[in-house]
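In: next comes the sequence, and after it the predicted model I'd like to discuss.
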Number of protein chains: 2
Amino acid sequence: MRDVARLAGVGVKTVSRVVNGEPNVSADTAERVRRAAAELQYEPDLHAGNLRRADGRSHTIGLLVSSVANPFAAQVHRAIERVATEHGYAVFATSLEDDPVAEQRAIAALSRRRVDGYVVTPVHDDQSYLRVHLDRGTPLVCIDREPAGIDVDSVVTSNYDGARDAVRHLVAHGHRRIAFLGDLERIQTARLRRAGYLDELADAGITPDPALIVLDLHDDASATAVTRRLLTLPEPPTAIFSSQNLVTVGAIRALQQLGLEHDVALVGFDDVEAGDLVKPRVSVVAQDPDRIGRLAAERVFARIGGDGGPARQIVVPTRLVVRGSGEIARPEAQRGGS
Amino acid sequence: MRDVARLAGVGVKTVSRVVNGEPNVSADTAERVRRAAAELQYEPDLHAGNLRRADGRSHTIGLLVSSVANPFAAQVHRAIERVATEHGYAVFATSLEDDPVAEQRAIAALSRRRVDGYVVTPVHDDQSYLRVHLDRGTPLVCIDREPAGIDVDSVVTSNYDGARDAVRHLVAHGHRRIAFLGDLERIQTARLRRAGYLDELADAGITPDPALIVLDLHDDASATAVTRRLLTLPEPPTAIFSSQNLVTVGAIRALQQLGLEHDVALVGFDDVEAGDLVKPRVSVVAQDPDRIGRLAAERVFARIGGDGGPARQIVVPTRLVVRGSGEIARPEAQRGGS
DNA sequence: CTGAAAGCGCTAACAG
DNA sequence: CTGTTAGCGCTTTCAG
């Protein structure tokens, strides 16, 4: 910057003014400075500036997700990036792989880089250790899961209501023996989906059969095995509600292996890629990662912008996507039996 | 930091030494400093340090991809992040959405943030405008597509050989009328895949039928329409090589609509999510995003580490994934005809 | 409208 | 082993 000033024959402050588009520079001088900057290929150093700048903004936010390679997280990421770009912000994305230690490390790394805000998918059971950063005034918004131990904005999917929608849909097609394939119970969203399943059954006057409820599934292989077992029960389910992405894939595979995919209804929670190439096409309760990301980013920027209101909990509704697998009716043969 | 020094009763430089793990501090003093730092919740400011630090490293790299939401890019991103984390680096990811203007803007934004290196999926036809940054000594590695106009490291998929593998596989199953569904010709990788298709046909002694070659497809809807048209030709293809992700999905849908999915062979370039739930399961020539990302990151860090060797072009081979759709043999009825 | 001096938080270079 | 001084590239403050 000194070089630019010298070349343009002005003081450094004038260069600063031109670079930052501040007023009180004659058009003539400004032009001279711009030419000098171009000639020297001058690029202002954002960080050096922030060091002294009044607001001290780094124009950077941090995003913590399970994995940037996870399709859901990746779409959230894209939505956040879009909002960030509008605000002239860049985003650091970090993958946690569900490791609480990584969560802390990542926050520390971003804090040292002086990010202006965080969007976090909590891994820890307790986020109270984040107070330190909140005290500093750096805003934090939780997505996907409600935070514990701190009072911050959050944007989550309507896990409970979405699960109820799925089950209600199956009940409406005559099913009463509806299996539940649940994700790890230690995950908050998994518990909410299970609760939705149970409550909807109760409201429909159906007594849940414990034999049809399997929890703590997390990958497609185990989901396939479990589904096969359920389907070969003396009294198998006539419908399945699988509460997670990979579990749904596993269930589909099991149905295909047994040749039952056109006989047993299936609704999954969370959309499945290429889910409409499978036969029958798979019906799901879809989340809205784009909207979650956008809303979370808007919350962060509102806070950065000075919004000091009470913490807001935003719930993003799911959408029932009817494609075929969820609309298979209960077999007539069983109608009489109930 | 001054506060920490005061509280610990030492000079700022001693605090600096402790924070950075430099030698020449007595264990006793170090402990006192650490305690003071903890009490004040001191977090060093990485950027302030870099301003004066000899190497001036920001410990940050920038990644430019088509979209962080794109599954291929997201996996590359994850792989790069893994390597970056090992080196204590954070990564800025930016989506370009194939917009050349965005490419320049993104580079400028990262340059102002003084990233130590770039990993770029080129959008521009000509990257020579990047010379500026290279001259500054900031390394840049291109992925997915070869750069034009600059001499830098690159890591790309073996598009040409992969396409030949796919076609050879179909030929080995008796096919001679093999359709080609190509991506936008302005994309370098699309041209390479087309070239591989044509050369492999030539080597097999097959004269390509222009009626079976469709270029400039980019989404699944148009691919579906085109595939339907091809399959209803008087002399339809007995096999299809679709050269891109979404195009493959479109082709599958068309095959399903016409009930031909078990009669016409299909091999796609690039893996299709849940491609093994479809019946028949879809055979593909898979890329290796994980390896591409890892190698690209390793190149960047080698350059950051001082490697001044000539630019290296790394080609990552594809892998033929045999799942069923590509192994459908040419119908016997047609055998006599050729 | 413009520039000189001070200082942001930190590290380099040196002197104790 | 430790502290002091200078200065990284920039913006603030304030005097022209």
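Out: Structure's in. What do you need? Residues are numbered from 1 along each chain as shown, chains lettered A, B, ... in the order given.
In: just the helices in the stretch 151-300 of chain A please.
Out: All helices of the stretch 151-300 of chain A, identified by DSSP state H, counting those that start in this stretch, fall at A:159-172, A:188-203, A:220-231, A:245-257, A:289-304.
In: got TSV for those helices, with distance to B:Leu134 and mean neighbour count too?
Out: Bear in mind the C-beta positions are built from the backbone N, C-alpha and C, glycine included. Shown next, in TSV, are the helices of the stretch 151-300 of chain A (distance: least, Cβ to Cβ, whole Å; neighbours: other Cβ atoms under 10 Å in any protein chain shown):
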stretch	distance to B:Leu134	mean neighbour count
helix A:159-172	49	22
helix A:188-203	46	20
helix A:220-231	45	19
helix A:245-257	42	24
helix A:289-304	33	22
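In: I'd like to know which of those helices is closest to DNA strand C.
Out: Evaluated over the helices of the stretch 151-300 of chain A, closeness to DNA strand C peaks at helix A:289-304, with 18.6 Å, by Cβ to the nearest atom of the strand.
In: now the element after that closest one, going C-ward?
Out: strand A:313-316 (DSSP states H and E).
In: that next one pairs with which strands?
Out: Strand A:313-316 has the following strand partners under DSSP bridges: strand A:153-157 (parallel).
In: thinking again about what came up before, how about TSV for the helices of the stretch 151-300 of chain A, with mean pLDDT and distance to A:Gly88 added?
Out: Converted to TSV, these look like this (pLDDT from 0 to 100; distance: least, Cβ to Cβ, whole Å):
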stretch	mean pLDDT	distance to A:Gly88
helix A:159-172	98	34
helix A:188-203	97	33
helix A:220-231	96	41
helix A:245-257	94	34
helix A:289-304	97	11
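In: what's the closest of those helices to A:Ala179?
Out: Between A:Ala179 and the helices of the stretch 151-300 of chain A, the shortest gap by Cβ to Cβ is with helix A:220-231, which sits at 5.3 Å.
In: how about the CA coordinates for the closest one, as PDB?
Out: Below are the C-alpha coordinates for helix A:220-231, written out as PDB (Å, rounded to 0.1, in the frame of the first residue of the first chain):
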ATOM      1  CA  ASP A 220     -27.700 -49.600   5.300                       C
ATOM      2  CA  ALA A 221     -26.200 -53.000   6.000                       C
ATOM      3  CA  SER A 222     -27.700 -53.400   9.400                       C
ATOM      4  CA  ALA A 223     -30.900 -51.900   8.200                       C
ATOM      5  CA  THR A 224     -31.100 -54.500   5.500                       C
ATOM      6  CA  ALA A 225     -30.500 -57.400   7.900                       C
ATOM      7  CA  VAL A 226     -33.100 -56.100  10.300                       C
ATOM      8  CA  THR A 227     -35.700 -55.500   7.700                       C
ATOM      9  CA  ARG A 228     -35.200 -59.000   6.300                       C
ATOM     10  CA  ARG A 229     -35.800 -60.400   9.800                       C
ATOM     11  CA  LEU A 230     -38.900 -58.300  10.300                       C
ATOM     12  CA  LEU A 231     -40.400 -59.400   7.000                       C
END
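In: and the stretch 201-338 of chain A, which residues reach chain B?
Out: A:249, A:252-253, A:256, A:272-275, A:277-279 (Cβ under 8 Å from any Cβ of the partner chain).
In: farthest pair within those residues?
Out: Largest pairwise distance in these, by Cβ to Cβ, is 16.6 Å, between A:Gln256 and A:Glu273.
In: contact residues of the stretch 51-200 of chain A facing chain B?
Out: Residues of the stretch 51-200 of chain A lying close to chain B (Cβ under 8 Å from any Cβ) are A:51, A:58, A:60, A:67-71, A:74-75, A:77-78, A:81, A:90-95, A:108-114, A:132, A:135-136.
In: out of these, which are close to DNA strand C?
Out: With Cβ under 7 Å from any atom of the strand as the criterion, those include A:Leu51 near DNA strand C.
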